[in-house]
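Peer 1: coords below, sequence missing:
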């Protein structure tokens, strides 16, 4: 599974890298040129759009990804049915978002921007659904090519508007135009080169999809709300300035989370098929997860050590106070990766309903903790709430997977990546007062890379894993 997963994930890695670069550069430009209040406006706007889009999508993209993986011959019919479901829910959600925005009494420019942003829901739903079909058919490179063009065009246009003091309404209008063109292109290429979309109203198939859709939609909604509720609560309980400071740290976690997310998306259909055929192998799964951790762990450790210099470089002196929040987010990043990998394992095994309950419990814990801790610790309290609720979710997942599938040995998975990361960062900590931070950063990356190459050449500890392969359970 490892080779196939990462052969697809490398293309999603290109998408994530471009998204990472353009997103950080844009919010850095906003913070430097327009300040934390304008950045707070932009974040609140994009948060509302992201949360509303989850209601518009209803988890359909994840369901279609699994079903096309299991029934590739029905891909065109499944995608057509998914379009009907997404299209209907998107139109309904757009109307609801208009009503909610009107009731919240935001300032006039934010009110107008949010109403325009609601029109993004339909093209975003189409784009997300198309992504699932591209992944399931192993045509990720085609999808990435179109989306990267969208990212770059949107970045250059919005950067121009930020530099020339255009308002938030202009930015969201540009986002709408770019997403409409991109989703239309994705749909056209999908229909002509990947799978022939069956456009008819397949009522029987839609009825079959609506059964498991409830669990998928609740999982998707809970995950999205989990990552956005803190920003919405901060914007109402504190100030837009505090929200902007929080965002400067949270943006790192949001972008880094693309890495485990893209691996999870590429693994999911194959895992579902292997589980159904009783061929899901624990050793193979742990090897894949460890390969992911070789990237996640050093990224987390490096950002933790260089938290303040990174914030100063990207956002300026006013954002230095967000450094402790960024450091806590990097610990959260490791927990998030563990939880995400266990989550897709549990869903691939068919336990969507239990996964729904876990996700709902997670969001409730997060909301309660945010409501209590934000009043005491401001934006750092929101970081702490996310860390605690994700830790609870990871423990619950580990218990349920061990009981229902097989026990994932996270100590063995994480031991080598953590050892390499700590060994590489130790010289950096010893020399941090003697060398410039940029030199230390390069030294850390080079040293970790050399250590990783040495370990992989020695092929340790894989021989020990292979020696026990026959004794490891399959499901």
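Peer 2: Perfect, I can see it now. Note that the coordinates shown come from a computational prediction; the quantities given were computed from them, not determined experimentally.

Peer 1: how far does the lengthiest helix in the chain sit from its chain's centre?
Peer 2: Determined from DSSP state H, the single longest helix within the chain is helix 352-404. Remark: helix 352-404 is offset 16 Å from the chain centroid, using CA atoms, centre = their mean, to the nearest Å.

Peer 1: same deal with stretch 110-128?
Peer 2: The answer for stretch 110-128 is 19 Å, by CA atoms, centre = their mean.

Peer 1: now do stretch 41-53
Peer 2: The answer for stretch 41-53 is 15 Å, by CA atoms, centre = their mean.

Peer 1: and the contacts of that stretch?
Peer 2: 27, 30, 93-94, 96-97, 101, 109-110, 113-114, 117-118, 120-121, 124-125, 128, 168, 171-172, 224-225, 228, 231-232, 235, 240, 243-244, 247 (CB atoms under 8 Å, 6 or more residues apart in numbering). All C-beta atoms are positioned from the backbone trio N, CA, C, and that covers glycine.

Peer 1: buried stuff in it?
Peer 2: Residues 41-53 are the ones in stretch 41-53 that count as buried (16 or more other CB atoms under 10 Å).

Peer 1: follow-up on the earlier one: what mean pLDDT does the longest helix of the chain have?
Peer 2: Mean pLDDT, helix 352-404: 85.

Peer 1: against which helices or strands is the helix or strand just after it packed?
Peer 2: Once helix 352-404 ends, the next helix or strand along the chain (criterion: DSSP states H and E) is helix 410-431. Using 3 or more CB pairs under 8 Å, 6 or more residues apart in numbering; DSSP states H and E, the elements in contact with helix 410-431 are helix 282-305, helix 437-458.

Peer 1: can you give me how far the last one is from the chain middle?
Peer 2: Read it as helix 437-458. 26 Å.

Peer 1: hang on, the earlier thing: turn the buried residues of stretch 41-53 into a markdown table, including secondary structure.
Peer 2: Listed next are these as a markdown table, based on DSSP: H, G, I helix; E, B strand; the rest coil:
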| residue | secondary structure |
| --- | --- |
| 41 | helix |
| 42 | helix |
| 43 | helix |
| 44 | helix |
| 45 | helix |
| 46 | helix |
| 47 | helix |
| 48 | helix |
| 49 | helix |
| 50 | helix |
| 51 | helix |
| 52 | helix |
| 53 | helix |
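
Peer 1: just the contacts of stretch 41-53: which are in helices?
Peer 2: Using DSSP H, the subset of the contacts of stretch 41-53 located in helices is 27, 30, 93-94, 96-97, 101, 109-110, 113-114, 117, 121, 124-125, 128, 168, 171-172, 224-225, 228, 231-232, 235, 240, 243-244, 247.

Peer 1: doesn't residue 297 make contact with residue 330?
Peer 2: No - using CB atoms under 8 Å, residue 330 is not in contact with residue 297, being 10.1 Å away.

Peer 1: compare those two (neighbour count), which wins?
Peer 2: A direct count of neighbours by other CB atoms under 10 Å for residue 330 and residue 297 places residue 297 higher, at 23 against 20.

Peer 1: in space, what's closest to that one - neighbours in sequence excluded?
Peer 2: Nearest residue to residue 297, sequence neighbours excluded (CB to CB, 6 or more residues apart in numbering): residue 417, at 3.9 Å.

Peer 1: for residue 310, see how far away that neighbour is.
Peer 2: Separation of residue 417 from residue 310 (CB to CB, to the nearest Å): 21 Å.

Peer 1: neighbour count winner among those two?
Peer 2: When residue 417 and residue 310 are compared on other CB under 10 Å, the one with more neighbours turns out to be residue 417, at 24 against 21.

Peer 1: mind listing what the more buried one touches?
Peer 2: Applying CB under 8 Å, 6+ apart, the residues contacting residue 417 are 290, 293, 294, 296, 297, 298.

Peer 1: same thing but at 6 Å, please
Peer 2: Contacts here follow CB atoms under 6 Å, 6 or more residues apart in numbering; on that basis residue 417 touches 293, 294, 297.

Peer 1: same deal with residue 123?
Peer 2: Residue 123 neighbours (CB under 6 Å, 6+ apart): 179, 180, 183.

Peer 1: closest to residue 392 out of those residues?
Peer 2: residue 179 (35.1 Å; CB to CB).

Peer 1: what's the helix or strand for the closest one?
Peer 2: helix 168-189.

Peer 1: for that helix, which helices and strands make contact with it?
Peer 2: Packed against helix 168-189 by the contact rule (3 or more CB pairs under 6 Å, 6 or more residues apart in numbering; DSSP states H and E) you find helix 108-117, helix 121-136, helix 140-163.

Peer 1: these: which one's closest to residue 279?
Peer 2: Across these, closest to residue 279 is helix 121-136 (CB to CB), at 18.2 Å.

Peer 1: quick check: mean pLDDT across that closest one?
Peer 2: 85.

Peer 1: thinking again about what came up before, which of the helices and strands packed on helix 410-431 is buried the deepest?
Peer 2: Most buried of the helices and strands packed on helix 410-431, by mean neighbour count (mean count of other CB atoms under 10 Å): helix 282-305, with a mean of 21.

Peer 1: after that one, next one along is what?
Peer 2: Downstream of helix 282-305 (by DSSP H and E), the next one is helix 307-315.

Peer 1: so, low pLDDT: which residues of the chain?
Peer 2: Low-confidence segments of the chain (pLDDT under 70): 1-10, 13, 36, 69-70, 200-228, 235, 240, 458-475.
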